[in-house]
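Enquirer: below: sequence and its predicted model.
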Amino acid sequence: MPLEHHPLNREFPQQHDALRKLMQSDARFARLAEEYEALDKRIYEIEDGRSATDDLTLQGLKLQRVGLKDEIAGLLQGAT
């Protein structure tokens, strides 16, 4: 299975304008988005072999990413 980044603009392609607007106008949203992107980068580096960790930690990171994505999705839904 090929490795993939999961950037927010790919996860929410229909809400590109709302993403950009919230990034500029909502500090909480911007912080969550930055956290999400950093976590996605860390997961990618682990899966790519550039960073080492155990499977349990990797699964925990993925669960964190899902939680952040759900929170971000809620904020996006409220903005549209």
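Expert: Arrived safely. Numbers count the residues shown, from 1 in each chain.
Enquirer: check which helix or strand Glu4 maps to.
Expert: Under the assignment given by DSSP states H and E, Glu4 is not contained in any helix or strand.
Enquirer: got it, and Ala33?
Expert: Judged by DSSP H and E, Ala33 forms part of helix 27-47.
Enquirer: show me what that helix is in contact with.
Expert: For helix 27-47, contacts defined as CB atoms under 8 Å, 6 or more residues apart in numbering pick out 3-8, 19, 22-24, 51-53, 58, 61-62, 64-65, 68-69, 71-72, 75. In this view, the C-beta of every residue, glycine as well, is placed from N, C-alpha and C.
Enquirer: same question for stretch 49-63.
Expert: 39, 42-43, 45-47.
Enquirer: scan those and report the most crowded one.
Expert: Highest neighbour count within the contacts of stretch 49-63: Ile43, with 20 neighbours (other CB atoms under 10 Å).
Enquirer: low-scoring stretches of the chain, by residue?
Expert: Applying pLDDT under 70 to the chain picks out residues 1-2, 80.
Enquirer: thinking again about what came up before, what about burial for the contacts of helix 27-47, which qualify?
Expert: Buried members of these, counted by 16 or more other CB atoms under 10 Å: 6, 8, 19, 22, 61-62, 65, 68-69, 72, 75.
Enquirer: so which residue is smack in the middle of the chain?
Expert: Geometric centre of the chain, nearest residue: Tyr36, 3.3 Å, by CA atoms, centre = their mean.
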